[in-house]
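J.: need a structure here:
(one chain, ligands or ions: 1)
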Amino acid sequence: MPDANRAAFIPADAITPERDITHEHFAPGDRIVVIKGVDDGTLWGDAMTVVTPSWHTPTNEDGWRLRNPEGGARSFITGHPRYLVHLSAHCPDCLIYQRALQDYLVPKFPGAEAVDVGWYSITELNQLVHVADGRAGIR
Ligand SMILES: [Zn+2]
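T.: Presented below is the predicted three-dimensional model:
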């Protein structure tokens, strides 16, 4: 994971909230990445492993418990399926989403340094939440 700078502005994300992906698309043991920004012309994010089904309280929908080996005190967080991208290059569904993000985000950050676009945060209850899913008062 690069030592990223926070983006000066948070670009709107019309892609992730519209992504049509089922909970069953993922399974325990899958290696996934949550895209967090751009680094030198490519997307980057946190690589994690899918552990077990877990309720995603910010959306009140089925989510997945994820293990982030770099997460420190927050090694286990719960994310919504639409935040996740299979690291395997053989998943067409995830590749389509990843390419759409790449085409949208990369031109916005042409610099060589890593940028965190600020789409994700982690709540006090270790729920990973996208800005489009975050609402006032959510824990
Ligand atoms: Zn996939």
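
J.: where along the protein do the helices fall?
T.: 92-105 (DSSP state H).

J.: Spell out which parts of it neighbour the ion.
T.: 86, 91, 93-94 (Cβ under 5 Å from the ion). Just so you know, the C-beta spots here come from the backbone N, C-alpha and C atoms, and that holds for glycine as well.

J.: For these, work out which two are farthest apart.
T.: His86 and Asp93 (8.0 Å; Cβ to Cβ).

J.: Send me the longest strand seen in the chain as PDB with only the CA atoms.
T.: When the chain is parsed with DSSP state E, its longest strand is strand 42-56. Coordinates of the C-alpha atoms in strand 42-56 are reproduced here as PDB (Å, rounded to 0.1, in the frame of the first residue of the first chain):
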ATOM      1  CA  THR A  42      -3.100   3.100 -12.100                       C
ATOM      2  CA  LEU A  43      -5.700   2.400  -9.600                       C
ATOM      3  CA  TRP A  44      -4.600   1.300  -6.100                       C
ATOM      4  CA  GLY A  45      -6.400   0.000  -3.100                       C
ATOM      5  CA  ASP A  46      -6.300  -2.200   0.000                       C
ATOM      6  CA  ALA A  47      -6.000  -5.900  -0.700                       C
ATOM      7  CA  MET A  48      -8.000  -8.000   1.600                       C
ATOM      8  CA  THR A  49      -9.400 -11.500   2.100                       C
ATOM      9  CA  VAL A  50     -13.100 -12.300   2.300                       C
ATOM     10  CA  VAL A  51     -13.700 -14.100   5.600                       C
ATOM     11  CA  THR A  52     -17.400 -14.600   6.300                       C
ATOM     12  CA  PRO A  53     -20.800 -13.100   5.700                       C
ATOM     13  CA  SER A  54     -21.500 -10.100   7.900                       C
ATOM     14  CA  TRP A  55     -24.300  -7.600   8.100                       C
ATOM     15  CA  HIS A  56     -23.300  -4.200   6.600                       C
END
